[in-house]
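1. Return a 3D structure for these sequence lines:
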Amino acid sequence: MEIKNRKSFKELFDAAKRSTTTYPAPISVPVKIVNDHSPVVELVNRIVEEALVQNASDIHVEPGTIAGRLRYRIDGKLETVYDEIPMELYSNVISRIKIMCQLNIAENRLPQDGRFSYENIDKEIDVRVSIVPLINGEKAVLRLLNRAGVFMDIDSLDFSVENKAKFLGLCQEASGAVIIAGPVNSGKTTTLYGALHYLNNPAKNIVTIEDPVEYQLQGINQVQVNTKIKLDFEDILKAVLRQDYDVLAIGEVRSDEVSRMLVKSSLTGHLVFATIHTSSAAKVIYRLLDMGIKPFLLAIALKGIVAQRLVPRLCPHCCEAYDVLPESQLARRMGADYEPGLWLYRRRGCEKCKGRGIKGRVAIQEVLMIDSELQQCISSRPPIGQLEEAIKNAAMKTMWEDGIEKAKEGLVEIQEVARVCSE
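-> Purely as a prediction, here's the structure:
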């Protein structure tokens with residue numbers, strides 16, 4: 001998507017600075033701006049449009065002591081787009097963002113969350129907004145959610161042949177808990193939605209509990225957490241247990257109560273998916289045990305774990321192959337995974353990837369199936385080292401091993417795999 005003859009950010013900020021546009025105090029009904037073509041509106045629209053052009057996932061608008069800064073997260077990394085936002089204009093930019101998602105523009109001391117839909121030339125984008133007060137002003141982070149890109153089938157989730165077969169097996173379980181793990185921005189929600197899309201059919205009652213609902217899925221019953229009216233995960237879970245569901249998806253396990261109800265619901269003949277913030281399959285088990293789940297109950301309830309990370313995808317148009325020499329540091333880093341004559345790939349940069357050498361991201365995963373031996377191990381609540389050894393004996397392909405395979409295929413750089421695995 002390329003738009004010609006566009007004004008630069010500097011021109012747009014200068015025009016908005018000259019404008020005398022101000023925003024009124026909030027009223028009791030939601031504010032909706034219609035046919036407003038003021039410079040500030042044009043500026044904020046351009047910020048969103050440029051982020052879409054660059055395939056950014058997040059927009060950061062942040063204050064400073066002298067000038068504000070605009071950054072985009074592209075392929076997992078933050079890049080500065082403009083760092084000379086006049087501070088006398090900054091509050092107008094934040095107010096415009098608040099109005100777009102119908103927030104209180106007079107409140108600048110407390111965090112606020114909202115969302116709005118943005119109609120682009122060829123698609124409609126949902127934008128999730130978080131505003132947090134800093135010492136120099138309010139910072140806004142806008143997450144761009146492309147409605148057209150949500151219905152990813154399992155074939156699009158970068159699973160290896162072996163891991164895909166395991167994941168499909170987990171999706172076909174009649175009951176039990178399947179946990180998807182990883183840090184923030186590791187693609188957990190995308191994998192979760194891939195599973196729900198695979199299972200979605202009129203014969204199943206599928207319910208999700210999310211905070212927030214990132215994408216709206218046709219045919220699936222989605223419940224939005226709303227802490228402002230004290231509608232939290234625990235209250236929704238208690239109600240959903242009486243909703244005759246077949247499949248339940250919990251957006252994130254954050255508390256002891258939610259973890260206990262997750263196990264309870266998975267033991268009553270239902271298939272339950274959940275996401276959790278941990279770095280590996282072994283640590284998922286320990287996180288749930290630390291939340292107060294009894295070891296023997298967890299061993300029975302847990303069917304499998306998917307732990308994953310996102311790695312920058314090499315641009316297929318310009319990446320180049322190179323020979324990994326036996327005496328090189330990289331060969332030593334790979335250890336037993338190195339083979340003489342190994343060729344890997346690295347980034348270069350071209351017009352199609354705008355000189356970055358990367359375009360998009362690839363998931364590297366480890367899929368752990370809980371077998372009878374692992375059940376016995378979990379029931380005894382072993383030390384973490386013993387649990388990790390038991391997982392190795394379960395023939396699970398680690399994220400590092402999965403990343404090496406994808407590096408050999410030319411999808412990613414081995415250095416990026418090493419970086420995310422070490423993190």
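
2. Domain-wise, how is this structure divided?
-> 9-148, 150-422 (automatic domain parsing).

3. Burial-wise, tell me which of those domains comes out on top.
-> Highest mean neighbour count among those (mean count of other C-beta atoms under 10 Å): domain 150-422, with a mean of 18. To be clear about C-beta, it is placed using only N, CA and C from the backbone, and glycine gets the same treatment.

4. Mind putting the domains of the chain into CSV with mean pLDDT?
-> CSV is the format used below for these (pLDDT from 0 to 100):
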stretch, mean pLDDT
domain 9-148, 84
domain 150-422, 91
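
5. Touching stretch 220-237 from outside, list them.
-> The contact list for stretch 220-237, computed with C-beta atoms under 8 Å, 6 or more residues apart in numbering, reads 196, 200, 205-213, 216, 240, 243, 245, 250-251, 254-255, 257-258, 261, 265.

6. Stretch 194-203 now?
-> 151-154, 156-157, 167-168, 170-171, 178, 206, 208, 217, 219-220, 247, 249, 271, 273.

7. Alpha carbons of that stretch, as CSV, please.
-> Taking C-alpha atoms only, stretch 194-203 is exported to CSV below (Å, rounded to 0.1, in the frame of the first residue of the first chain):
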residue,chain,number,x,y,z
GLY,A,194,-5.7,-20.9,15.4
ALA,A,195,-6.9,-23.8,17.6
LEU,A,196,-10.3,-22.2,18.1
HIS,A,197,-10.7,-21.7,14.3
TYR,A,198,-9.8,-25.4,13.8
LEU,A,199,-12.4,-26.5,16.3
ASN,A,200,-15.1,-24.1,15.3
ASN,A,201,-18.2,-25.7,14.0
PRO,A,202,-22.0,-25.5,14.7
ALA,A,203,-21.9,-28.7,16.7
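
8. ok, K166 - contacts?
-> Per C-beta under 8 Å, 6+ apart, neighbours of K166: G304, V367, M369.

9. Turn these into TSV, including secondary structure and distance to D83.
-> Rendered in TSV, the data for these read as follows (DSSP: H, G, I helix; E, B strand; the rest coil; distance: C-beta to C-beta, whole Å):
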residue	secondary structure	distance to D83
G304	strand	45
V367	strand	42
M369	strand	49
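
10. Leaving out chain neighbours, which residue sits closest to L142?
-> Nearest residue to L142 in three dimensions, chain neighbours excluded: I59, at 4.1 Å (C-beta to C-beta, 6 or more residues apart in numbering).

11. Surely that neighbour and E50 touch.
-> No. Here I59 does not reach E50: they are 9.0 Å apart, not a contact under C-beta atoms under 8 Å.

12. Tell me which stretches of the stretch 201-350 of the chain form helices.
-> 233-240, 256-266, 281-290, 295-301, 329-334 (DSSP state H, counting those that start in this stretch).

13. Relative to E84, which of the ones you listed is closest?
-> helix 329-334 (40.5 Å; C-beta to C-beta).

14. Quick check: which helices or strands does that closest one pack against?
-> Judged by 3 or more C-beta pairs under 8 Å, 6 or more residues apart in numbering; DSSP states H and E, the packing partners of helix 329-334 are helix 414-422.

15. Show residues contacting the helix it packs on.
-> Identification of contacts with helix 414-422 by C-beta under 8 Å, 6+ apart yields 309-312, 330, 333-334, 344, 364, 399-400, 403-404, 406-407.

16. again with stretch 108-123
-> Contacts of stretch 108-123 (C-beta under 8 Å, 6+ apart): 1, 48-49, 52, 91, 98, 100-104, 124-133, 137-138, 146-148, 212.

17. Just to be sure, which of those are found in helices?
-> V48, E49, L52, S91, K98, M100 (DSSP state H).

18. would JSON lines of the residues you listed with distance to G355 be doable?
-> Formatted as JSON lines, those follow (distance: C-beta to C-beta, whole Å):
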{"residue": "V48", "distance to G355": "23"}
{"residue": "E49", "distance to G355": "21"}
{"residue": "L52", "distance to G355": "19"}
{"residue": "S91", "distance to G355": "35"}
{"residue": "K98", "distance to G355": "35"}
{"residue": "M100", "distance to G355": "32"}
